[in-house]
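[1] okay, predicted coordinates and the sequence, questions at the end:
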Amino acid sequence: MRMLSQEERLKYEVAEELGLLPRLKEVGWAGLSTAESGKIGGIVGARLRKNKRQ
């Protein structure tokens, strides 16, 4: 089992917060809608920018 990067861990964390983790585990990233993936990406990007400023 490979280790996840900080960004990958953050993506899974956000997916869990949005209630998408069970479906993500079942169908993978490709099974999410564009809107769901975009929402995850937007939140991840915002958190990374916030952490970079601190």
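    Cool, got the structure. Numbers count the residues shown, from 1 in each chain.

[2] low pLDDT regions in this structure?
    1 (pLDDT under 70).

[3] what sits up against stretch 25-32?
    20, 23-24, 37, 40 (Cβ atoms under 8 Å, 6 or more residues apart in numbering). The C-beta positions use only the backbone N, C-alpha and C, and glycine is treated the same way.

[4] now it: buried residues?
    Using 16 or more other Cβ atoms under 10 Å as the test for burial, stretch 25-32 gives Leu32.

[5] which parts of this structure are helices?
    6-17, 21-27, 34-53 (DSSP state H).

[6] so of these, which one's packed in deepest?
    With neighbours defined as mean count of other Cβ atoms under 10 Å, the helices of the chain peak in mean count at helix 6-17, which reaches a mean of 15.

[7] what's the angle between that one and helix 34-53?
    On the basis of axes from the mean of the first three to the mean of the last three Cα atoms, to 10 degrees, helix 6-17 is oriented at 130 degrees to helix 34-53.

[8] and for helix 6-17, what are the contacting residues?
    4, 21, 24, 40-41, 43-44, 47-48.
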